[in-house]
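Peer 1: model this:
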Amino acid sequence: MEKLMQTSARKPTRDKQINIRATDEERAVIDYAASLVNKNRTDFIIEKAVHEAQNIILDQRVFVLDDARYQSFVEQLEAPVQNVEGRQRLMDVKPEWK
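Peer 2: Numbers count the residues shown, from 1 in each chain. Reported below is the predicted structural model:
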């Protein structure tokens, strides 16, 4: 059973290379932090960089509305779709990072 779980949780193959330069101190801090969460340097850097990149992207898509505008927005979301082709085009858009 354990072997089956390991197989189904397989990570995608990383086949693209990213080169970065760091000072000895930066590398030591990264290595220490990675060791605290039982990760190697590569996994740690990739995980943190992707997470931060996704947060930055999401921050560009967050908007704030007052109560009246929020209620209007919710009503529009709940209303029947009037432009089916437009909705389909919107749903077909892939995230910029893919």
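
Peer 1: quick one: the helices in this protein?
Peer 2: With DSSP state H as the criterion, the chain has helices at 2-8, 24-36, 41-59, 67-78, 84-92.

Peer 1: hmm, who's touching the last one?
Peer 2: Residues outside helix 84-92 that contact it (C-beta atoms under 8 Å, 6 or more residues apart in numbering): residue 81. Every residue, glycine included, has its C-beta placed from N, CA and C.

Peer 1: Identify whichever of the helices of the chain lies nearest to residue 14.
Peer 2: Closest approach to residue 14 among these is made by helix 41-59 (7.6 Å; C-beta to C-beta).

Peer 1: what's the angle between that closest one and helix 24-36?
Peer 2: 90 degrees (axes from the mean of the first three to the mean of the last three C-alpha atoms, to 10 degrees).

Peer 1: Using TSV, lay out the helices of the chain together with distance to residue 15, mean pLDDT and mean neighbour count.
Peer 2: Below are these laid out as TSV (distance: least, C-beta to C-beta, whole Å; pLDDT from 0 to 100; neighbours: other C-beta atoms under 10 Å):
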stretch	distance to residue 15	mean pLDDT	mean neighbour count
helix 2-8	20	48	8
helix 24-36	22	98	12
helix 41-59	13	94	12
helix 67-78	40	93	9
helix 84-92	27	86	9
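
Peer 1: mind giving me a markdown table with the ones you listed and columns for distance to residue 14?
Peer 2: Formatted as a markdown table, these follow (distance: least, C-beta to C-beta, whole Å):
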| stretch | distance to residue 14 |
| --- | --- |
| helix 2-8 | 18 |
| helix 24-36 | 16 |
| helix 41-59 | 8 |
| helix 67-78 | 38 |
| helix 84-92 | 27 |
